[in-house]
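Can you look at this prediction? I've put the sequence above it.
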Amino acid sequence: MPINKLIVAILLAGLPLFSVAEDFGTVAPTFQTDADGRDQLRSAMRKKQKDGELDRYWKNYRKRVIDSIINPPSLGIPSSIEHQIIIAPVRFMVPVDWRDNNGSIVVHKGTVIYPLRVRPLNEGLIFIDGRDQRQVDYAIKKANKIPLKIVLTAGSYYNLRVRYRNVAWRGGTGVPFYFDQRKMIINSLNNLYGIKIDRVPAMMTQQDDNLRIEFGMTP
């Protein structure tokens, strides 16, 4: 489930969040197929279509793709009920002078920037294992008290959305669940600010100019 706006709000920087396709060149020599070869290929494809092999292939392919979306693989982050609170500073120092198009310096080297002053975190995050009903209940309870987005590190966000589609939620119905695809959020938090989400549940909110990460469960 893409959550572009959520990632932008958390990382507070214009990072490239999506990979782009690369041209890796030709793996092996290619040859132009002659007329007889093309006829043989068409004949073979017609036979596979007549036998139903092509239909079975595409049905299985669609099933695998849909299943991978509905049931993404676990990120492998363990669960722990041990309570711990970490306050992580969110700031960085400008490594070089930043100049505008005319060459004028707009931000001097060594300037310390506090991103949360520029773009406050209006909604926090709570990372959970969606396969653990205790964590699901805990996240919904917390997110009804303070603005949080529920992000799964394991389990099916789709199935949870269906299960909780009629539950009251912030003036409407339907609890939204998200999944941290390819650990984009977790890895970026670690790379940018040294914040390690190494167990769940983990709730992240803003505290002054810092991020407050609360691990485990509290009443």
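In hand now; what should we look at?

Quick one: residues contacting Arg182.
Arg182 makes contact with no residue, according to C-beta atoms under 8 Å, 6 or more residues apart in numbering. C-betas here are computed from N, CA, C, even on glycine.

That one and Pro73, how far apart?
Distance from Arg182 to Pro73, counting by C-beta to C-beta, to the nearest Å: 10 Å.

ok, and the closest non-adjacent residue to the residue nearest the centre of the chain?
Centroid check for the chain by C-alpha atoms, centre = their mean gives Asp180 as the closest residue, at 2.8 Å. Of all residues not flanking Asp180 in the chain, Val151 sits nearest, at 5.3 Å (C-beta to C-beta, 6 or more residues apart in numbering).

burial count for that neighbour?
When neighbours are defined as other C-beta atoms under 10 Å, Val151 has 26 of them.

Surely it forms part of a strand?
Yes. Judged by DSSP: H, G, I helix; E, B strand; the rest coil, Val151 forms part of a strand.

Could you give the bridge partners of it?
Phe127, Tyr178 (DSSP bridges).

Surely it and Phe127 touch.
Yes. Counting by C-beta atoms under 8 Å, Val151 does reach Phe127; the two are 5.1 Å apart.

overlap in contacts of the two?
Asp180.

re the thing from before, the residue nearest to the centre of the chain touches Ile150, doesn't it?
No. The criterion here is C-beta under 8 Å, and Asp180 misses it with Ile150 at 11.0 Å.

Distance-wise, check Gly174 relative to Tyr164.
Note on Gly174: its distance to Tyr164, by C-beta to C-beta, is 7 Å.
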